[in-house]
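Trainee: Predicted structure and sequence below. I'll ask about it afterward.
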Amino acid sequence: MAVVFFGWYLVDILIGSEGLYFRAHMDDSQIVITDKSRGFLYLHDSLSKAKK
């Protein structure tokens, strides 16, 4: 499977009734990324670790 770069977009970190999820704002649309989505673990690991 190839990795495709879509560019840089604003990503919201949200907590709902189903737990943690991300919402990416891509141009005029939004993509919801849940724990069942590809890329969830990457976003979780990249955005949740404190920088030293």
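Mentor: Arrived safely. Numbers count the residues shown, from 1 in each chain.
Trainee: what's the pLDDT at Thr34?
Mentor: Note on Thr34: pLDDT of 95.
Trainee: what does Tyr21 give?
Mentor: Tyr21 is given a pLDDT of 95.
Trainee: That one - nearest residue in space that isn't next to it in sequence?
Mentor: Using Cβ to Cβ, 6 or more residues apart in numbering and skipping the chain neighbours, the partner closest in space to Tyr21 is Thr34 (4.7 Å). Any C-beta I mention is one placed from the backbone N, CA and C, and that applies to glycine too.
Trainee: ok, now His44?
Mentor: Closest residue to His44 apart from its sequence neighbours, by Cβ to Cβ, 6+ apart: Leu20 at 7.2 Å.
Trainee: how deep is that neighbour tucked in, by neighbour count?
Mentor: Using other Cβ atoms under 10 Å, Leu20 has 15 neighbouring residues.
Trainee: what helices or strands is the helix or strand hosting it leaning on?
Mentor: Using DSSP states H and E, Leu20 falls within strand 19-26. When contacts are defined as 3 or more Cβ pairs under 8 Å, 6 or more residues apart in numbering; DSSP states H and E, strand 19-26 sits against strand 10-16, strand 29-33, helix 40-48.
Trainee: buried ones in the second one?
Mentor: So the one you mean is strand 29-33. Ile33 (16 or more other Cβ atoms under 10 Å).
Trainee: So what are the sheet partners of it and their directions?
Mentor: strand 19-26 (antiparallel) (DSSP bridges).
Trainee: Show the pLDDT at Lys49.
Mentor: Predicted confidence (pLDDT) for Lys49: 68.
Trainee: Apologies, that question was intended for Ala2.
Mentor: As predicted, Ala2 sits at a pLDDT of 80.
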